[in-house]
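Colleague: structure for the following, please:
(chains A and B, ligands or ions: 1)
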Amino acid sequence: MSSDKMNIWILVNHRQGTVEKETYGLAAEAQRLLTMSKQNSEEYCSDGKITAVALGAGLDAELKQLGAYGINSVVYAEGQELARYNGELFAEVLLKLYEKYKPACILMDHNTETSDLAPRLASLMNTSIVTRVIDFTISINREIAATRPVSSGYLFEKFKLERTSCPVITLLPNVLNETEAAENRNIEIINEKIDPGTFNLKTKVTEIMEAAPEDLEIDEAEIVISGGRGVGKEESLDIITRLAKSLKGSVGGTRPIIDWQLLPFERQIGQTGKVISPRLLFACGISGANEYTTGMEKSRLVVAINTDPGARIFKFADLSVIGDVHEVLPRVIEKIEERGIWNL
Amino acid sequence: MKIVVCVKQVPDMESKFVVVDNKKIDEAQIAFKMNDFDEFAVEAALQIKEKMGGEVIIVSAGPERVVKDIRQAFAMGADWGIHIKDPEIDAGDSTVIASAIHKAIEKIGDADLVLTGVMSEDNQFTLTGVMLSHLMDIPHGTNIVKLEVADEKSITVNRELEGGLNEVIEMSLPAVLSIQSGLNQPRYPTLPGIMKAKKKRLDVMTAADLGLSEVGAAGSKTEFIKMFVPVSEHKAEIIEGDAKTAAAALVNKLKNEAKVI
Ligand SMILES: Cc1cc2nc3c(=O)[nH]c(=O)nc-3n(C[C@H](O)[C@H](O)[C@H](O)COP(=O)(O)OP(=O)(O)OC[C@H]3O[C@@H](n4cnc5c(N)ncnc54)[C@H](O)[C@@H]3O)c2cc1C
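Modeller: As a prediction, the model looks like this:
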């Protein structure tokens, strides 16, 4: 934290020409950090600011909207080569921008791309990095500390970050709170022309393609949506898959679901299937037979949905909804998608 | 091809996690195993070796207990290994671990390919592979879901992007790849494999042996403060209301109270 003016950078997350909601959540986090440091040290950062940094193409109109979220200015590196994520190139461009503007810290939302980009950038900057952060603070003596979940969320760990440099932090999307847009303020957009040709890239992207539908294995997933006989046969199970998609989770089932061949055997949860302990488990239309519950007891947070108020599964659940999965789940999905929650 | 695979030993996530002195987990209650992602990396290395010839070398940092899983990789078919065994290295952060592995790879010499898991199951930092490639100044790819070695000079890989997309990347060798799960089916060690594993060469190296001066806090950019169990109330809470109300309340609780989505 070398500069006197605390300039917090947030990386704009955008997809297909639209700024993603995580960016607003990052702006709110940056705001919180500024307020906190203002309270903790008066001489410092009396005029801190938030800068959004964007790499992409055709984003002008979208970036102008950011003023409504407390962002003071935007540094925009525009170019067709930057239209799509490229880890090596993005890291080099961000390094150039960092060297020019010397921000106090760089915040990103944690996703498949930033889990690649953030460490690349931190390595180039030779600075400290903490990924998958759920909370961070600036103390009276300006120390930055970050907390993150480890061991499937059973434990949290707290770290202090080196003070001399500009730390890179990725925040788990689930802690990025939605922010309401205020009245749009005029926002300064600084265009940076960076010629990608000047970088000596070591890798070459030759093609972009749809990934094969090989979903995450259930004993590795942090979020698992499981269905039982109560969900029903054939297409009925689609609702489970849809929820898994919108939460970026994996799909599992009870033995009847496997017996009906709606899911392959490696997705069976229980005594004769997989023992899982995800951060979040949905048990939908599942009675909670002991053979099933031995496979999921260690899950951290369990949501059960069942029409029968006396179902055994409710004894293993943290949050229970007594209702029909086909009535509840579509509305859960609707709510999630409306809020644009992405999770890893 | 000379392929180095970095293997980390991690707690089995089914173990009982008890925190001691706000600092560490009580290892007496923990079963340790090879990081799943690394198992895919070992399998990938063995498949390349079977196709192209060469050797597979395991590098793992940690206390005495990690020998079990280095031998596990030997039993799968890896040829030999380096055990980085130094409490001062273990006390460091990802920067120190990456530097130590870098030095070990230099000792091995002429590695064509270095594979790591995309992350460790316990910490999930996703850092070591990237840092390693930076130190080695060679090409790197993360989240690798497919890999094809054409010849000894270059490699084509698929890596995962957001939104269900893959990108196909070409890079020259040597390179570092961080392997995603599901890329292959890791083999089970055979009985003869297990027997042979006991006799395979395993060099033990300390920071001094590796010529690594900055270890522990001195080499780290972050400082571990404490470890703690998050407050969780496993109360069986029933969410009232019709489907619509209950769904909205559920999503709100998951997002804002439990913070799991
Ligand atoms: C040796 C042995 C090993 C076994 N191993 C396993 C194993 O590994 N894993 C496993 O899962 N099972 C295993 N079983 C089977 C196990 O005993 C149970 O039969 C099974 O788990 C029940 O699956 P279920 O909950 O999907 O079905 P059911 O018990 O039939 O429960 C269906 C539930 O859905 C509810 N429901 C119905 N309609 C709806 C609706 N529209 N909306 C919401 N809820 C609804 C019902 O109220 C009911 O509670 C094993 C059995 C044996 C004998």
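Colleague: give me the number of residues near A:Asp238?
Modeller: When neighbours are counted by other C-beta atoms under 10 Å in any protein chain shown, A:Asp238 registers 12. Using the backbone N, CA and C atoms, a C-beta is placed for each residue, glycine as well.
Colleague: where is the longest strand in chain B?
Modeller: Ranked by residue count under DSSP state E, the longest strand found in chain B is strand B:140-149.
Colleague: now check it, is it near chain A?
Modeller: Yes: on the criterion C-beta under 8 Å from any C-beta of the partner chain, strand B:140-149 is in touch with chain A at B:140-143, B:145.
Colleague: all helices for the stretch 151-261 of chain B, in order.
Modeller: Taking DSSP state H, counting those that start in this stretch as the test, the helices found in the stretch 151-261 of chain B are B:191-197, B:207-210, B:216-219, B:243-252.
Colleague: so A:Ile225 is in which element?
Modeller: Assigned by DSSP states H and E, A:Ile225 falls within strand A:223-227.
Colleague: can I get that strand in PDB, CA atoms only?
Modeller: Output in PDB follows, covering the C-alpha atoms of strand A:223-227 (Å, rounded to 0.1, in the frame of the first residue of the first chain):
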ATOM      1  CA  ILE A 223     -22.400 -27.900  -4.600                       C
ATOM      2  CA  VAL A 224     -24.400 -31.000  -5.200                       C
ATOM      3  CA  ILE A 225     -28.100 -31.200  -6.200                       C
ATOM      4  CA  SER A 226     -29.500 -34.600  -5.500                       C
ATOM      5  CA  GLY A 227     -32.800 -36.100  -6.600                       C
END
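Colleague: that strand pairs with which strands?
Modeller: strand A:250-253 (parallel), strand A:280-284 (parallel) (DSSP bridges).
Colleague: between these, which gets the lowest average pLDDT?
Modeller: Lowest mean pLDDT of the strands paired with strand A:223-227: strand A:250-253, a mean of 93.
Colleague: from the chain's centroid, how far away is that one?
Modeller: 21 Å (C-alpha atoms, centre = their mean, to the nearest Å).
Colleague: buried sites along the helix or strand following it?
Modeller: Once the chain leaves strand A:250-253, the next helix or strand it forms, by DSSP H and E, is helix A:255-259. Residues A:255-258 are the ones in helix A:255-259 that count as buried (16 or more other C-beta atoms under 10 Å in any protein chain shown).
Colleague: show me the contact partners of helix A:255-259.
Modeller: A:227-229, A:231, A:237, A:263-265, A:267-268, A:270, A:272-273, A:291-292 (C-beta atoms under 8 Å, 6 or more residues apart in numbering or on different chains).
Colleague: got it, and stretch A:229-236?
Modeller: So stretch A:229-236 is contacted by A:237, A:239-240, A:254, A:256-257, A:260, A:262, A:284-287, A:306-307, A:325-326 (C-beta under 8 Å, 6+ apart).
Colleague: now swap in stretch B:247-258 and tell me
Modeller: Residues contacting stretch B:247-258 (C-beta under 8 Å, 6+ apart): A:174, A:177, A:280, A:301, A:303, A:318-319, A:321, A:328-329, A:331-332, A:334-336, A:339, A:341, B:239-241, B:260-261.
Colleague: again, only using 6 Å
Modeller: By C-beta atoms under 6 Å, 6 or more residues apart in numbering or on different chains, the residues outside stretch B:247-258 that reach it are A:301, A:328, A:331-332, A:335-336, B:239, B:260-261.
Colleague: likewise stretch A:139-150?
Modeller: By C-beta under 6 Å, 6+ apart, stretch A:139-150 touches A:1, A:40, A:130, A:132-138, A:156-161, B:122-123.
Colleague: now the buried members of these.
Modeller: A:1, A:40, A:130, A:132-134, A:136, A:138, A:156-161, B:122-123.
Colleague: which of those fall in strands?
Modeller: A:130, A:132-133, A:136, A:138, A:156-161.
Colleague: hmm, which of those is lowest in pLDDT?
Modeller: Among those, pLDDT bottoms out at A:Ile138, giving 78.
Colleague: pretty sure that residue sits against A:Met36.
Modeller: Yes: assessed by C-beta atoms under 6 Å, A:Ile138 is found in contact with A:Met36 at 5.5 Å.
Colleague: ok, and of the buried residues of helix A:255-259, which contact the ligand?
Modeller: Contacts with the ligand within the buried residues of helix A:255-259, counted by C-beta under 6 Å from any ligand atom: A:255-256.
Colleague: and whichever residue of the stretch 1-150 of chain B sits closest to the ligand, how close does it get to A:Ser250?
Modeller: Nearest residue of the stretch 1-150 of chain B to the ligand: B:Glu14, at 15.3 Å (C-beta to the nearest ligand atom). Distance, B:Glu14 to A:Ser250, by C-beta to C-beta, to the nearest Å: 17 Å.
Colleague: and what of A:Ser128?
Modeller: Separation of A:Ser128 from A:Ser250 (C-beta to C-beta): 32 Å.
Colleague: pick out whichever of the two has more residues nearby.
Modeller: A:Ser128 (27 against 21).
Colleague: just give the closest residue to that one, not the sequence neighbours.
Modeller: The spatial neighbour of A:Ser128 that comes closest, neighbours along the chain excluded (C-beta to C-beta, 6 or more residues apart in numbering or on different chains), is B:Lys221 at 3.7 Å.
Colleague: ranges for the helices of the stretch 1-150 of chain A?
Modeller: With DSSP H, counting those that start in this stretch as the criterion, the stretch 1-150 of chain A has helices at A:21-40, A:60-64, A:87-101, A:114-125.
Colleague: the first one: which residues count as buried?
Modeller: Neighbour counts over helix A:21-40 (16+ other C-beta under 10 Å) mark A:21-31, A:33-34, A:37-38, A:40 as buried.
Colleague: from those residues, pick the one nearest the ligand.
Modeller: Once C-beta to the nearest ligand atom is applied, the member of the buried residues of helix A:21-40 that ends up nearest the ligand is A:Lys21, at 30.7 Å.
Colleague: look up how far A:Asp60 lies from the closest one.
Modeller: Separation of A:Lys21 from A:Asp60 (C-beta to C-beta): 20 Å.
Colleague: and A:Lys158, by the same measure?
Modeller: In terms of C-beta to C-beta, A:Lys158 sits 40 Å off from A:Asp60.
Colleague: now the most far-flung residue of chain A relative to its centre, what are its backbone angles?
Modeller: Here chain A reaches farthest from its C-alpha mean at A:Gly310, the gap being 35.9 Å by C-alpha atoms, centre = their mean. Dihedral angles of A:Gly310 (phi, psi; degrees, to the nearest 10) stand at phi -90, psi 10.
Colleague: try the one 4 residues further on
Modeller: Here the main-chain torsion angles of A:Phe314 (degrees, to the nearest 10) amount to phi -60, psi -20.
Colleague: can you tell me, leaving aside adjacent residues, what's nearest to it?
Modeller: Closest to A:Phe314 by C-beta to C-beta, 6+ apart is A:Ser320, at 4.9 Å.
Colleague: okay, now the one you found: neighbour count?
Modeller: There are 24 residues near A:Ser320, going by other C-beta under 10 Å.
Colleague: repeat that for A:Thr147.
Modeller: Using other C-beta under 10 Å, A:Thr147 has 19 other residues around it.
Colleague: need the residue closest to the centroid of chain A.
Modeller: Centre-nearest of chain A using C-alpha atoms, centre = their mean is A:Pro173, 3.1 Å out.
Colleague: correct me if wrong: that one contacts A:Thr112.
Modeller: No: with contact defined as C-beta under 6 Å, A:Pro173 does not reach A:Thr112; the gap is 11.6 Å.
Colleague: chain center to stretch A:133-140, what's the gap?
Modeller: 18 Å.
Colleague: sketch out the low-pLDDT regions of the chain for me.
Modeller: You didn't pick a chain, so chain A it is. A:1-5, A:40-47, A:140, A:178, A:210-216, A:339-344 (pLDDT under 70).
Colleague: was after chain B, sorry
Modeller: Using pLDDT under 70, the flagged stretches of chain B are B:163-164, B:231-235.
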